[in-house]
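**Q** sequence and computational prediction follow.
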Amino acid sequence: MKKFIITLLIIGLLPCMAVADEIPVPLNANVALLCDMHTGRVLCEKNGSKTINASNLTKIMTAIVVISQNKATEMTKINPTTLRALPTGATTNGLIANEQVSTTDLLYMMLLHNADDAAAVLAEHVAGSTEKFVVMMNASAKQLGTEQTHFVNVHGFYDEAQTTTARDLARIASHAMQLPVFAAIVAKQTYQVPPSNLYNKPRYLSNDNMLVNHFKITSGENFFYSSAVGIKTSYNKTSGFSIVSAINKKNQSYLTILADYAANSLKSAMYMDAKRLSEYGITGYVNKQLTAQGAFADEVQVKYASDGKRLLLLTEKELEVLLPKTYDAKLITKQPIYATPLKAPLNKGQVVGVLQYAYNNQPLGQVNLVTSQAVKYSLIATIFSPFQKIFHSRLIRFLGVAFAIILIFLYFRIKENTRRKRMMSKRRNRVLKSDKYRGGHEG
């Protein structure tokens with residue numbers, strides 16, 4: 001079972017590992033990537049594997065760990081030591097020592113207002129210390145399939161060792177947007193934090209992501225984009241601007257990732273790039289359903305099954321992907337994959353493999369394969385199973401065919417000999433009768 005799970009995990013990373021097309025539209029960013037938000041499959045990229053600083057986009061991973069630990073709805077008391085440990089110049093939301101705040105409000109502060117103090121408080125609440133939380137972040141990042149991501153702090157305050165790539169961010173962000181709590185937060189334009197035991201006024205938060213927040217204006221410009229549904233922006237003097245944005249339009253969902261801007265770049269360049277790349281995705285790709293839920297996928301033999309019949313396998317859920325508008329349906333292929341041969345007993349609806357799809361030999365996505373019915377275990381089938389291997393071997397089959405030919409040859413040889421003996425016996429009888437007749441006539 002462990003081998004099967006590991007195999008499925010490796011297979012699940014294939015869409016992100018595929019070779020992607022180059023981005024055909026002009027961009028200011030030196031690093032850019034467009035991917036299918038649902039599957040994480042990279043559609044096109046520009047330096048997608050180049051190492052960049054994770055900066056404030058680190059907070060996406062921080063939120064994932066908090067939410068995955070089921071800590072998103074608890075109350076926490078702010079440790080004075082946590083606030084004192086923040087680096088000079090850290091972004092804060094004015095949290096007070098010994099203040100009691102909900103982790104939900106802290107997530108809003110961290111993701112909408114980029115609050116470093118909220119990130120540190122969340123980390124200590126979940127793991128007991130920011131150091132232990134960083135270990136959890138790196139472990140979670142590896143589980144998501146990142147290859148060049150490394151975290152050294154929980155808030156993304158600049159550290160040259162805090163690194164990632166656009167491809168790794170695609171994995172992280174696509175997972176984050178599948179978490180309902182996370183997706184709801186980053187889609188908010190504004191949020192009001194209620195008064196606490198030490199702060200008697202509401203705190204008003206405004207989403208820093210101008211694609212989502214039409215109230216935000218920079219240099220007299222409004223970059224609100226009605227199709228944007230998240231997720232996070234970032235800036236520091238050393239690494240510059242970067243953004244991960246989520247777009248949903250015409251039932252198509254994309255992630256755009258932009259980073260590595262020139263030192264003199266303006267924030268407006270980042271937002272214009274995000275819109276331009278998003279529009280390219282919306283106009284250049286279409287949704288394609290590869291399979292419906294419960295569709296027939298394969299028919300297999302199950303070892304040790306009581307009835308010995310072949311088992312039908314079905315798709316666990318629907319699979320829909322984005323393909324270029326000019327895609328060739330003949331280039332879509334599918335392949336069922338199993339970690340080990342199927343053995344009884346099996347429950348109905350049990351996951352036993354995956355059905356992997358590819359387009360032009362590049363992975364598209366996959367869906368689990370489940371059993372159409374339960375399969376009972378048979379002791380008799382188990383006992384005779386070793387003999388079945390012998391009977392099914394090529395050598396035995398060859399010898400069996402040869403033996404059958406020999407038997408057939410012997411059968412016809414014996415039959416022919418019997419026929420000849422019978423004919424000779426008839427001749428002998430006729431001769432004897434003839435001699436007897438002659439002898440009687442002469443007497």
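**A** Noted; the coordinates are in hand.

**Q** please, where are all the helices along the chain?
**A** Taking DSSP state H as the criterion, the chain carries its helices at 2-12, 14-17, 58-68, 80-84, 103-112, 116-127, 130-143, 166-176, 180-186, 267-284, 379-392, 394-442.

**Q** out of the helices and strands in this protein, which is least certain?
**A** Here the helix or strand of the chain ranked lowest by mean pLDDT, DSSP states H and E is helix 2-12, holding a mean of 42.

**Q** still on that earlier bit, of the helices of the chain, which is nearest residue 315?
**A** Shortest distance between residue 315 and the helices of the chain, using Cβ to Cβ, is found for helix 2-12: 14.6 Å. (C-beta placed from N, C-alpha, C; glycine too.)

**Q** can you tell me the closest non-neighbouring residue to residue 95?
**A** residue 117 (4.8 Å; Cβ to Cβ, 6 or more residues apart in numbering).

**Q** next, the contact list for the nearest residue to residue 222 once chain neighbours are set aside, please.
**A** For residue 222, ignoring the flanking residues on the chain, the nearest one in space by Cβ to Cβ, 6+ apart is residue 214 at 6.5 Å. By Cβ atoms under 8 Å, 6 or more residues apart in numbering, residue 214 lies in contact with 189, 222, 224.

**Q** surely the first one touches residue 210?
**A** No. In this structure, residue 189 sits apart from residue 210 without contact. The criterion is Cβ atoms under 8 Å, and the distance is 10.2 Å.

**Q** those two: which is more packed in?
**A** residue 210 (24 against 15; other Cβ atoms under 10 Å).

**Q** test my guess that that one contacts residue 271.
**A** Yes. At 5.9 Å, residue 210 and residue 271 qualify as touching, with contact defined as Cβ under 8 Å.

**Q** what touches both of these two?
**A** Counting by Cβ under 8 Å, 6+ apart, the shared contacts of residue 210 and residue 271 are residue 223.

**Q** show me what contacts residue 162?
**A** Applying Cβ under 8 Å, 6+ apart, the residues contacting residue 162 are 53-55, 58, 150-153, 156.

**Q** next one: residue 235
**A** With Cβ under 8 Å, 6+ apart, residue 235 has these contacts: 55-56, 241-242, 267.

**Q** next one: residue 26
**A** Neighbouring residues of residue 26 by Cβ under 8 Å, 6+ apart: residue 276.

**Q** hmm, try it at 10 Å
**A** Residues in contact with residue 26, defined by Cβ atoms under 10 Å, 6 or more residues apart in numbering, are 273, 276.

**Q** any idea how far it is from residue 284?
**A** 15 Å (Cβ to Cβ, to the nearest Å).

**Q** what of residue 138?
**A** 35 Å.

**Q** picking up where we left off before, which neighbours do residue 189 and residue 210 share?
**A** What both residue 189 and residue 210 touch, as defined by Cβ under 10 Å, 6+ apart, is the set 216, 224.

**Q** returning to that earlier point: what about the contacts of residue 235, which one has the most neighbours?
**A** Result: residue 242 is most packed of the contacts of residue 235 (other Cβ under 10 Å), 27 neighbours.

**Q** that one is in contact with residue 165, isn't it?
**A** No. Using Cβ atoms under 10 Å, residue 242 makes no contact with residue 165, being 11.7 Å away.

**Q** give me the common contacts of these two.
**A** Common neighbours of residue 242 and residue 165 (Cβ under 10 Å, 6+ apart) are 31, 52, 54, 257, 259.

**Q** let's have those in TSV, adding pLDDT.
**A** As requested, these are exported to TSV (pLDDT from 0 to 100):
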residue	pLDDT
31	98
52	98
54	98
257	99
259	98
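
**Q** is it possible to export the residues you listed to a markdown table including neighbour count and distance to residue 303?
**A** Formatted as a markdown table, these follow (neighbours: other Cβ atoms under 10 Å; distance: Cβ to Cβ, whole Å):
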| residue | neighbour count | distance to residue 303 |
| --- | --- | --- |
| 31 | 23 | 50 |
| 52 | 23 | 49 |
| 54 | 31 | 48 |
| 257 | 30 | 46 |
| 259 | 28 | 51 |
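
**Q** so which of those sit within strands?
**A** Here DSSP state E is the test, and the shared contacts of residue 242 and residue 165 give 31, 52, 257, 259 as lying in strands.

**Q** pick out whichever of those sits closest to residue 317.
**A** residue 257 (26.6 Å).

**Q** for residue 189, see how far away that closest one is.
**A** 22 Å.

**Q** next one: residue 265
**A** Counting by Cβ to Cβ, the gap from residue 265 to residue 189 is 25 Å.

**Q** which residues of the stretch 151-300 of the chain fall in strands?
**A** Applying DSSP state E, counting those that start in this stretch to the stretch 151-300 of the chain gives strands spanning 163-164, 190-193, 203-206, 228-236, 240-249, 252-259, 285-291, 296-301.

**Q** could I get these as TSV with distance to residue 338?
**A** Converted to TSV, the strands of the stretch 151-300 of the chain look like this (distance: least, Cβ to Cβ, whole Å):
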stretch	distance to residue 338
strand 163-164	34
strand 190-193	47
strand 203-206	49
strand 228-236	36
strand 240-249	34
strand 252-259	30
strand 285-291	17
strand 296-301	8
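
**Q** determine which of the ones you listed approaches residue 105 most closely.
**A** Across the strands of the stretch 151-300 of the chain, closest to residue 105 is strand 190-193 (Cβ to Cβ), at 4.7 Å.

**Q** from memory residue 205 sits against residue 191, does it?
**A** Yes. Between residue 205 and residue 191 there is a contact under Cβ under 10 Å: 4.4 Å.
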